[in-house]
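*Asks:* below: sequence and its predicted model.
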Amino acid sequence: MASWNSTGIDEDQVLVEERRFARILTLNRPKQLNAISFTMVSRLLELFSSYETDPSVKLVVVKGKGRAFCAGGDVSAAAHAIKESEWRKGAYFFRKQYTLNYLLATSSKPQVSLLNGIVMGGGAGVSIHGRFRVATEKSIFAMPETSLGHFPDVGASYYLPRLRGFFGEYVGLTGARLDGAEMLACGLATHFVPSERLTQLEEALCRADTSQPSIISAIIDKFSRTPILHEQSAYNRLDVIDKCFSRRTVEDILAALEEEALKKKDDWIDSTIRDLKKASPTSLKISLRSIREGRLQDAGQCLIREYRMACHVMRGEVSEDFIEGCRALLLDKDRNPKWEPSKLELVTDAMVERYFSRIEDEEWEDLKLTARPNLPASATSKL
Ligand SMILES: CC(C)(COP(=O)(O)OP(=O)(O)OC[C@H]1O[C@@H](n2cnc3c(N)ncnc32)[C@H](O)[C@@H]1OP(=O)(O)O)[C@@H](O)C(=O)NCCC(=O)NCCSC(=O)/C=C/c1ccc(O)cc1
């Protein structure tokens, strides 16, 4: 298990290949599906910070070892820390992680992420903010936090509402899994490349002596294919998604879906309702508000808000659902979390409001992100 108070840098968790113009970073905890540890986040932050000011680095490729790109933040480490009442250590992890997300979202060096497998939670945070996201036939994307008593963070409240219509609300609230074709269709991926061509793509990228997004895009285009969106894809249900997930509250969203379900038998709607009913009611409510607020905020503002929310989640003073979610899904693995409050109607507006307020603790501070003025447009508008 990753240690929360480790300050040492274990270089093996991120492998670095130095090529003439490029750096290739490989997330290297394959047994844990490359779940992001404190060590990993610290190392990535150190590496990306140094690349930002190094003129010899033109682009950065990020990939994962084994069958996952990255299955999220190391939830088992989080669960153990919370159990020991060490929420501050969790908060410190979030500070580092969100600072990394911000650096990636505003980086002037193009990042090409090869998403050849599982991409969940924190894994999305280290890739979706980058300029190029390459999906393959093996990609599986999800933001599963509401089923864990958490909420889609790592800047998800910035990128989810920028997907077409209300698809982001659908993805963020239900934790729906998307394949590579769906990622490309909705814009989470910028390209789709068959996995067997990734090695050649990598070599071509390493020969590119440029940070010009248009040239890098053209290189990836040469290896790209147009994948087929399967008939049952959620992306073919945008009409229903927009109709239901545009509603003001989670209760209204569920009611709209249930109304649709009454009209005709529809397995997709039934499973969407089931997913929402399984999730933590508190998580659903704070997630919806977070995604809605993110529509009008930049990536930095989203991360600052998410930091407040994450600290509240870790402290558990409104609801202890995150501890319960970790217990049910990762520690005891009974997959039967007992949420408290147990129903949507028991989560009041005042309770939701608390997650968006400052933490009442003398030592606590809001996340501070260094303003990065004078960035080229290509560095700030990646979605
Ligand atoms: C669907 C998965 C991705 C694959 O399932 P599988 O193919 O049946 O594989 P396994 O579940 O057997 O996973 C292989 C190993 O990787 C481990 N693992 C697989 N994801 C993980 C993982 N995020 N962490 C820590 N071990 C893992 C998993 O526990 C297991 O370890 P072990 O039982 O020792 O063999 C499944 O592993 C899974 O649901 N993983 C969790 C996905 C997930 O919820 N991701 C996190 C989203 S939330 C997030 O990023 C926020 C994190 C957070 C961080 C800090 C905080 O303070 C607060 C929050």
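*Replies:* Structure's in. What do you need? Numbers count the residues shown, from 1 in each chain.
*Asks:* so after the one helix or strand Y170 maps to, what's the next helix or strand?
*Replies:* For Y170, the host element (DSSP states H and E) is helix 167-174. Per DSSP H and E, helix 167-174 leads on to strand 178-179 as the next helix or strand towards the C-terminus.
*Asks:* what lines up beside that following strand in the sheet?
*Replies:* Sheet pairing for strand 178-179, assigned by DSSP bridges, gives strand 140-142 (antiparallel).
*Asks:* need the helices for the stretch 101-250 of the chain, in chain order.
*Replies:* 122-125, 156-159, 167-174, 180-186, 198-206, 213-223, 238-245, 250-263 (DSSP state H, counting those that start in this stretch).
*Asks:* what helices or strands is the fourth one leaning on?
*Replies:* Counting by 3 or more Cβ pairs under 8 Å, 6 or more residues apart in numbering; DSSP states H and E, the packing neighbours recorded for helix 180-186 are strand 132-135, strand 191-192. (Each C-beta comes from the backbone N, C-alpha and C, glycine too.)
*Asks:* the ligand is nearest to which of those strands?
*Replies:* strand 132-135 (16.3 Å; Cβ to the nearest ligand atom).
*Asks:* for V14, list each beta-bridge partner.
*Replies:* On the basis of DSSP bridges, V14 is bridged to L27.
*Asks:* what about it, distance to the ligand?
*Replies:* Distance, V14 to the ligand, by Cβ to the nearest ligand atom, to the nearest Å: 16 Å.
*Asks:* quick one: that residue from S76, how far?
*Replies:* Using Cβ to Cβ, to the nearest Å, we find V14 at a distance of 19 Å from S76.
*Asks:* higher neighbour count, the two?
*Replies:* The residue with more neighbours, out of V14 and S76, is V14; 22 against 16, by other Cβ atoms under 10 Å.
*Asks:* please list the residues of this protein that sit near the ligand.
*Replies:* With the criterion set to Cβ under 6 Å from any ligand atom, the chain comes near the ligand through 32-33, 35, 71-76, 78, 90, 93, 118, 120-122, 144-145, 148, 150, 314.
*Asks:* among those residues, which are in strands?
*Replies:* Among those, the members falling in strands (DSSP state E) are 118, 120.
*Asks:* ChimeraX command for the buried members of the residues of the chain next to the ligand?
*Replies:* Typed into ChimeraX, the line below selects the buried ones among those, using 16 or more other Cβ atoms under 10 Å:
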select :32,33,35,71,72,73,74,75,76,78,90,93,118,120,121,122,144,145,148,150,314
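*Asks:* which residues of this structure score low on pLDDT?
*Replies:* By pLDDT under 70, the low-scoring segments of the chain are 1-11, 83-85, 373-374, 376-381.
*Asks:* how close does R247 get to N101?
*Replies:* R247 is 29 Å from N101, by Cβ to Cβ.
*Asks:* of the two, who's got more company?
*Replies:* The residue with more neighbours, out of R247 and N101, is N101; 29 against 17, by other Cβ under 10 Å.
*Asks:* isn't the more buried one up against Y159?
*Replies:* No. N101 is beyond contact range of Y159, at 10.1 Å (criterion: Cβ atoms under 8 Å).
*Asks:* just the helices and strands packed on helix 180-186: most buried one?
*Replies:* Highest mean neighbour count of the helices and strands packed on helix 180-186: strand 132-135, a mean of 28 (counted as mean count of other Cβ atoms under 10 Å).
*Asks:* which secondary structure elements does that one contact?
*Replies:* Packed next to strand 132-135, using 3+ Cβ pairs under 8 Å, 6+ apart, are strand 111-115, helix 180-186, strand 191-192, helix 213-223.
*Asks:* how about the ones you listed, which one is nearest L276?
*Replies:* Nearest to L276 among the helices and strands packed on strand 132-135 is helix 180-186; the distance by Cβ to Cβ comes to 19.2 Å.
*Asks:* kindly export that closest one (C-alpha atoms) in CSV.
*Replies:* C-alpha atoms of helix 180-186 as CSV (Å, rounded to 0.1, in the frame of the first residue of the first chain):
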residue,chain,number,x,y,z
GLY,A,180,-12.6,4.1,-27.0
ALA,A,181,-15.1,4.9,-29.8
GLU,A,182,-17.4,6.6,-27.3
MET,A,183,-14.5,8.6,-25.9
LEU,A,184,-13.6,9.8,-29.3
ALA,A,185,-17.3,10.6,-30.2
CYS,A,186,-17.8,12.7,-27.0
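*Asks:* how far is that helix from where the chain is centred?
*Replies:* 16 Å (Cα atoms, centre = their mean, to the nearest Å).
*Asks:* which residues touch that helix?
*Replies:* Contacts with helix 180-186, where a contact means Cβ atoms under 8 Å, 6 or more residues apart in numbering, come from 115, 133, 135-139, 141, 163-164, 167, 171, 178, 189-192, 227-230, 233-235.
*Asks:* from those, which would you call buried?
*Replies:* Neighbour counting with 16+ other Cβ under 10 Å marks 115, 133, 135-136, 138-139, 141, 163, 167, 171, 178, 189-192, 227, 229, 233-235 as buried within the contacts of helix 180-186.
*Asks:* spit out the contact partners of the nearest residue to Q200 once chain neighbours are set aside.
*Replies:* Closest residue to Q200 apart from its sequence neighbours, by Cβ to Cβ, 6 or more residues apart in numbering: F223 at 6.6 Å. By Cβ under 8 Å, 6+ apart, the contact set of F223 is 191, 193, 197, 200-201, 204.
*Asks:* kindly report the same for T210.
*Replies:* Listed by Cβ under 8 Å, 6+ apart, the contact set of T210 reads 21, 58-59, 216.
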